[in-house]
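[1] Sequence first, then the predicted structure:
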Amino acid sequence: MTAPAPRLEAVDVGYTYPGATPTQALEKIGLQVHDNEFVALLGPVGCGKTTLLRIFAGFLEPTTGSVRCDGATVDGPSPQRGYVLQEDAIFPWMTVRENVEFGLLARGIDPAARGAVGGELIELIGLSRFEDAYPKELSAGMSKMVEVARVLATDPAILLLDEPFGALDAQTRARMQDELARLWERRRKTVLFVTHDAEEALYLADRMLVLSPRPGRVKADFRVDLPRPRSLETRFSPAFSALKRRIWETLS
């Protein structure tokens, strides 16, 4: 039996930003992400992590090589691939529920069906008491989870997450990591998650791909063999500490 194509695949991908002084962000990137796998892209600032994610999203075309989704060449954005920006992107004039249901409204889904999907996701992200609140009434972490729920509402097969918790304080960030891990356990998706935080990558991912400094190349591919569901005990376990040491040795 033929094995299914990877959900996401990069083949010898390179990208150079044009300009008076062209900047090569990526060089000969090769990787695969499989169905329902949670993969973290880790590397220093400027190594091309976001560039690669935008190529997978279809917002950028690689300078060299190709990217594929389910065996087909990516030639533009698709609802199959949900993208969560690093910057805030929920609408300030809409309530939590309206933001979560926006993609369904744009598709012409009837109010009853929208309400069912929106209500389930709002409960999953723990914001049932805030469904009529506006973004200015939410914390930064809550706003980011609303954005994740809005993308999930349209049921994409793949989630592309660009440092969604990068602007949060350490305590809020840890809590949002727990929320995302719980959400992923309930709603299994293929995830490619960009971060520069090694502990965040270890806590969330099944695999970690470490990129070199610019131009980014895949420097290492780590399997994260930590049991799920993960918890506070996971963060302080000997296995977690041993993996973190290996990652730091690779990064340095």
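    The structure has been received and is ready for your questions.
[2] got the phi/psi numbers for residue 240?
    Note on residue 240: backbone dihedrals following degrees, to the nearest 10 are phi -60, psi -50.
[3] Just to check, it is in contact with residue 224?
    No - between residue 240 and residue 224 there is no contact under CB atoms under 8 Å: 9.2 Å. Placement of C-beta: from N, CA and C, glycine included.
[4] for the biggest helix by length in the chain, packing partners?
    When the chain is parsed with DSSP state H, its longest helix is helix 170-186. With contacts taken as 3 or more CB pairs under 8 Å, 6 or more residues apart in numbering; DSSP states H and E, helix 170-186 sits against helix 111-124, helix 140-153, helix 198-204.
[5] thinking again about what came up before, shared neighbours, residue 240 and residue 224?
    Counting by CB atoms under 8 Å, 6 or more residues apart in numbering, the contacts common to residue 240 and residue 224 are residue 202.
[6] OK, contacts around the most far-flung residue of the chain relative to its centre?
    Centroid-distance maximum for the chain: residue 20 at 32.1 Å, with CA atoms, centre = their mean. Not one residue lies near residue 20 by CB under 8 Å, 6+ apart.
[7] contact partners of stretch 67-79?
    Here stretch 67-79 makes contact (CB under 8 Å, 6+ apart) with 5-11, 13, 55-59, 61, 66, 80-81, 83, 154, 156-158.
[8] average pLDDT across it?
    Stretch 67-79 carries an average pLDDT of 93.
[9] where does the closest residue to residue 140 other than its chain neighbours land in three-state SS?
    Distance criterion CB to CB, 6 or more residues apart in numbering; nearest residue to residue 140, sequence neighbours excluded, is residue 168 at 5.7 Å. Three-state assignment for residue 168 (DSSP: H, G, I helix; E, B strand; the rest coil): coil.
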